[in-house]
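Colleague: Build me a model:
(one chain, ligands or ions: 1)
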Amino acid sequence: MIGRTAIVAAAFMAAAAPVAFAGASHHGKTRTVGVNDDYYDPGKLTVHVGDKVKWVWHANGFSLHDVYVDSGPTDFHSPTQGAGSYSYTFKKAGTYKLYCTQHEDDMTMTVTVKKASKKK
Ligand SMILES: [Cu+2]
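Modeller: This is a model prediction of the structure:
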């Protein structure tokens, strides 16, 4: 009888574990930011840890732009390009000040990353 109880307990834990994991994790969303001449649209964005931000170049192709972290919990940067897209999944909460190295005074944006929200 002890053996059987242990198996039932193990089966219960195996069944419960994925549910607990799903409750604690955040299913990431994707937010899109336009890269234009010479601004990001939107210039401010709030996301959660686990969310992906996809920057899509709408520039005319003659001007090159990129996405660089000026200050923030982590560094990342896109290639300098005239077209295409670049995606980054935020893993650390905090405030990221981003800029384009080609237009550094004019072309900036702020991404606020909040801790992953728990699903109800
Ligand atoms: Cu630029």
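Colleague: give me every residue that touches the closest residue in space to G72 that isn't next to it in sequence.
Modeller: Distances taken as CB to CB, 6 or more residues apart in numbering put Y96 closest to G72, at 3.5 Å, once the chain neighbours are dropped. All C-beta atoms are positioned from the backbone trio N, CA, C, and that covers glycine. The contact partners of Y96, taken as CB atoms under 8 Å, 6 or more residues apart in numbering, are 69, 71-74, 90, 110-113.
Colleague: so who does the nearest residue to A59 once chain neighbours are set aside touch?
Modeller: Leaving aside its chain neighbours, A59 sits nearest to D37 (5.1 Å; criterion: CB to CB, 6+ apart). Applying CB under 8 Å, 6+ apart, we find D37 in contact with 59-60, 63, 65.
Colleague: contacting residues for W55?
Modeller: Going by CB under 8 Å, 6+ apart, W55 touches 32-35, 40, 67, 78, 85-87.
Colleague: Dump those to CSV, plus pLDDT and neighbour count.
Modeller: What follows is the contacts of W55, written out as CSV (pLDDT from 0 to 100; neighbours: other CB atoms under 10 Å):
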residue, pLDDT, neighbour count
T32, 98, 14
V33, 98, 20
G34, 97, 13
V35, 97, 27
Y40, 97, 22
V67, 98, 23
S78, 98, 19
S85, 97, 13
Y86, 98, 19
S87, 98, 12
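Colleague: I'd like those as JSON lines, with secondary structure appended.
Modeller: JSON lines is the format used below for the contacts of W55 (DSSP: H, G, I helix; E, B strand; the rest coil):
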{"residue": "T32", "secondary structure": "strand"}
{"residue": "V33", "secondary structure": "strand"}
{"residue": "G34", "secondary structure": "strand"}
{"residue": "V35", "secondary structure": "strand"}
{"residue": "Y40", "secondary structure": "strand"}
{"residue": "V67", "secondary structure": "coil"}
{"residue": "S78", "secondary structure": "coil"}
{"residue": "S85", "secondary structure": "strand"}
{"residue": "Y86", "secondary structure": "strand"}
{"residue": "S87", "secondary structure": "strand"}
